[in-house]
Each structure stands twice: as structure tokens, then as C-alpha cells.
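Trainee: Everything below, folded, please.
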Amino acid sequence: QVQLAESGGGLVQAGGSLRLSCAASGRTLSSVTMGWFRQAPGKEREFVAAIYWSGTNTNYADSVKGRFTISRDNGKNAVYLQMNSLKPEDTAVYYCAADPTGTHWSSWGRGTQVTVSS
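Mentor: Below you'll find the model as predicted:
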């Protein structure tokens, strides 16, 4: 079982940037698909981005394409989410997740709050 811990959230004005980090322990991430999800108040958790074990293939929700970038550093056992041009609707708790078997997101972090003010 991989343990995940997010950091880097905070309060930022619209148009600003934040970089979220996800540190993993318990196993190496080099062969694991990793993802970011978010949950806004009163809404269901939604997919934001994923990066596959190769590190070259990525996938994004339409709402963040062109603004967010997911990356990984297998040497540091970490995954990142660079968020630019932030909008108030990006306000949510952001969660890091791991899919070690390629079948489902089985490990989750506790989340980090991102608040974008208008």
C-alpha cells in the first residue's frame, strides 16, 4: 500500500499560480499511474489529471487543459500539479491518488485546500 501526502495548497487570487506536491512512501512510484482529483463544497469528487507510469502520457479534464500540468519525479517519489491562470471555480480540496494495478485508484492522500479569490 502506498501512502500519499499532498502539500502546496493555499489562498491565491484569480489569475495566480500554485504548485501542488504529492509525496509517496511505502513503494516506488516509478511504475504507478498517478492522478489528481478535486472536490468542491457540495460537489462530487472529480478527475483533474493523470500521468501514466511512463511519465510521457498524461490526461486532463477539459476544465483544466492548457492551465494545469501534471508531472512526476520518480527519483523523489513525487508527483506535482502546476496550476496556472487559476479561477475561482478551481477552489476545492485537491487529492493525490495512485493506481498501482492499472485498474482503479486504490490509494488516496488526505487532500490540500486550494482557494482562489475573485
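Trainee: So Y94, which state does it fall into?
Mentor: strand (DSSP: H, G, I helix; E, B strand; the rest coil).
Trainee: ok, it - contacts?
Mentor: Listed by Cβ atoms under 8 Å, 6 or more residues apart in numbering, the contact partners of Y94 are E6, G9, L20, W36, F37, R38, V48, L81, G111, T112, Q113, V114. Where C-beta positions appear, they are placed from N, C-alpha and C, glycine not excepted.
Trainee: quick one: contacts for the residue most central in space within the chain?
Mentor: When Cα atoms, centre = their mean is applied to the chain, the residue found nearest the centroid is W36 (2.8 Å). Contacts here follow Cβ under 8 Å, 6+ apart; on that basis W36 touches L20, C22, V48, A49, A50, I70, V79, L81, Y94, Y95, C96, A97.
Trainee: Tabulate the residues you listed (TSV), appending secondary structure.
Mentor: Formatted as TSV, the contacts of W36 follow (three-state DSSP):
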residue	secondary structure
L20	strand
C22	strand
V48	strand
A49	strand
A50	strand
I70	strand
V79	strand
L81	strand
Y94	strand
Y95	strand
C96	strand
A97	strand
